[in-house]
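[1] Please work out how this folds:
(chains A, B, C and D)
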Protein chains: 2
Amino acid sequence: MDETEKLQTHRRGSGVSTVYETLRNEIIELKLPPGSPIDEQQLSDRFALSRTPIREALVRLAAEGLITTLTNRATIVSNIDFLGLPEFFDALTLMYRVTTRLAAANHAEGDIAAIRVEQKAFEAAVAERDVLGMISTNRDFHIAIARAGRNRYYVELFTRLLDEGRRILRLYYSSFNDILPRQYVGEHEEMIQAIIHRDVVLADSLASAHADQIVRQIRSYITADSRHNAGLVL
Amino acid sequence: MDETEKLQTHRRGSGVSTVYETLRNEIIELKLPPGSPIDEQQLSDRFALSRTPIREALVRLAAEGLITTLTNRATIVSNIDFLGLPEFFDALTLMYRVTTRLAAANHAEGDIAAIRVEQKAFEAAVAERDVLGMISTNRDFHIAIARAGRNRYYVELFTRLLDEGRRILRLYYSSFNDILPRQYVGEHEEMIQAIIHRDVVLADSLASAHADQIVRQIRSYITADSRHNAGLVL
DNA sequence: TGCCGACTTCTTGTCGACAAGAAAAATACA
DNA sequence: TGTATTTTTCTTGTCGACAAGAAGTCGGCA
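    Numbers count the residues shown, from 1 in each chain, chains lettered A, B, ... in the order given. So this is what the prediction gives:
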């Protein structure tokens, strides 16, 4: 790998966020798969920075749970906790509901436009059968809704959950079928309408159904995969 | 102030968490009031550590939102965002409900005992009219319930919210009256019973009422205080 | 006297080097 | 030849020093 981003001398303080965001993306997109060792020296070379700012970025990632540091030993990309999946689904569903609800109640001028932009992007990804694009534009769509709900606590937790979901989905995206994404486009449209009409109850139930749908989908991928593995082992 | 904790030479890696936890407590207990400047050099002297581990602790605190760093200029203890209070109350109420609900559904062997321990501590604080003690034992009580609910995402968010609440309450605790805390003891007991009997619906409604009660209480403190200020200004 | 600009100072951001701890490798011994 | 122990090596953790950026200070000029 000869990807040196030691282009120009970074302005003071900018390097840290660059490293943070770059690594964050690479972790979420599984470019750095779970369990990958993170070597500070190596990153230091790659970004043409001292180990100190690298370390700062790593501390931030560790605070978010994206990397795990074995003290005095090694730091690795955090594993996906399949045992904790039920908790994950529960929290994800709740956030889907509560953010959509709040968006219906609190959205202001311009929020709808922002949501529509993301929805268009999602539609485009679906039209192009760009599965990776669907995953990330779907995330952006729901975060836009969360923002319209005007609650930073929910936005923050939801973002974390959706990004964790992106990691999981990347593991299984090959088995994406064609019908579901189109259905999601329709469901998204319904949610937008409910939000526009400030119909909190409808928004809630749509979000709830949407969340269940997605959870069921992920679950089916995982069980299908484990069955596949089981078949190989036996 | 002559509080040098440069006692013995720390073991490698332990210093960072010490600094982190110490500062965290001091911020939450308003020993470091909002807006206080955080000087790295000063902390370096105080803990007898280099600036590097101090910095790491500060990065962690910043990730949690407890301190704010003005780039290249200064880092201060984050202000309490009174404008964002409605969001805060909304999220707090939701977490009260959802954690109590889940505790009723998922609690296992030993969880009740752990909750009872915290409840006893709360009762003791109430009996001693130790207001600061009530605030922190109340937090511990609800976190124990959240843990029994077995969802780390909720535990984490709830912890953050309750600690943020501790900061707010510290600002107003002088106006604590005597009746409310005793009422809380009773409400806590009811919640424990509902959890034991795995009555999810009852647990939810009790938590909901409890949350409303607390939110109302905080609100009344704040409005009382702002009225006081308004009186002075006019 | 009031305002603009250079200078000083103070705090944060970055660096290169060293120390400690743990795994891996090498060695000694049974 | 297998195991225990020492040594090596590699990575993280810590340090002291330097650089950059911004606020405050001082002096000059209208």
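[2] how far out from the middle of the chain is stretch A:160-174?
    6 Å (Cα atoms, centre = their mean, to the nearest Å).
[3] Also stretch A:150-159?
    Its chain's C-alpha centre lies 13 Å from the corresponding centre of stretch A:150-159 when counted by Cα atoms, centre = their mean.
[4] Kindly report the same for stretch A:80-89.
    Distance of stretch A:80-89 from its chain centroid, counting by Cα atoms, centre = their mean, is 15 Å.
[5] what does chain A put close to chain B?
    Taking Cβ under 8 Å from any Cβ of the partner chain as the criterion, the neighbours of chain B within chain A are A:12-13, A:52, A:55-56, A:59-60, A:63-64, A:71-72, A:84, A:87-88, A:90-91, A:94, A:98, A:102, A:150-154, A:157, A:160-161. All C-beta spots, glycine's among them, are computed from the backbone N, C-alpha and C.
[6] List buried members of those by neighbour count.
    Among these, the ones that count as buried by 16 or more other Cβ atoms under 10 Å in any protein chain shown are A:55-56, A:59-60, A:64, A:87-88, A:90-91, A:94, A:98, A:102, A:150-154, A:157, A:160-161.
[7] Look up how far B:S205 lies from the residue in chain A that DNA strand C sits nearest to.
    Closest contact between chain A and DNA strand C, by Cβ to the nearest atom of the strand, is at A:S50 (3.0 Å). Counting by Cβ to Cβ, to the nearest Å, the separation of A:S50 from B:S205 is 56 Å.
[8] More neighbours: these two, which one.
    When neighbours are counted by other Cβ atoms under 10 Å in any protein chain shown, B:S205 comes out ahead of the other of A:S50 and B:S205, with 15 against 11.
[9] list the contacts for the more buried one?
    Going by Cβ atoms under 8 Å, 6 or more residues apart in numbering or on different chains, B:S205 touches no other residue.
[10] Just the local confidence number for it, please.
    At B:S205, the predicted lDDT confidence score is 98.
[11] is it true that it lies in a strand?
    No - counting by DSSP: H, G, I helix; E, B strand; the rest coil, B:S205 is not part of a strand but helix.
[12] Chain A: helices as residue ranges?
    Per DSSP state H, chain A carries helices over the ranges A:14-28, A:40-47, A:51-63, A:85-106, A:111-127, A:131-148, A:152-172, A:179-196, A:200-233.
[13] Grab the nearest non-local neighbour of the residue most central in space within chain A.
    Centroid check for chain A by Cα atoms, centre = their mean gives A:D163 as the closest residue, at 1.9 Å. With Cβ to Cβ, 6 or more residues apart in numbering or on different chains as the criterion, A:D163 has its nearest non-adjacent residue at 5.2 Å, and that residue is A:I28.
[14] Next: A:H188.
    Residue nearest to A:H188 in three dimensions, not counting chain neighbours: A:Q119, with 5.5 Å by Cβ to Cβ, 6+ apart.
[15] Who are the contact partners of that neighbour?
    Shown in contact with A:Q119 (Cβ under 8 Å, 6+ apart): A:F141, A:V185, A:H188, A:E189, A:I192.
[16] Any idea how many residues pack against the first one?
    Here the neighbour count serves as a burial measure; for A:F141 (other Cβ under 10 Å) it reads 25.
[17] Equivalent analysis for the fourth one, please.
    Using other Cβ under 10 Å, the number of residues around A:E189 comes to 13.
[18] same thing with the last one?
    Applying other Cβ under 10 Å, we find 20 residues neighbouring A:I192.
[19] That one contacts A:I115, doesn't it?
    Yes - using Cβ atoms under 8 Å, A:I192 is in contact with A:I115, at 6.1 Å.
[20] DNA strand D contacts on chain A?
    By Cβ under 7 Å from any atom of the strand, the residues of chain A that approach DNA strand D are A:11-12, A:37-41, A:51-52, A:55, A:69, A:71-75.
[21] about what we covered before: same for DNA strand C: which of the residues of chain A next to chain B are within range?
    The subset of the residues of chain A next to chain B within reach of DNA strand C, by Cβ under 7 Å from any atom of the strand, is A:R12, A:G13, A:T52, A:E56, A:N72.
[22] what would those look like in CSV with pLDDT?
    Formatted as CSV, those follow (pLDDT from 0 to 100):
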residue, pLDDT
A:R12, 85
A:G13, 81
A:T52, 97
A:E56, 97
A:N72, 92
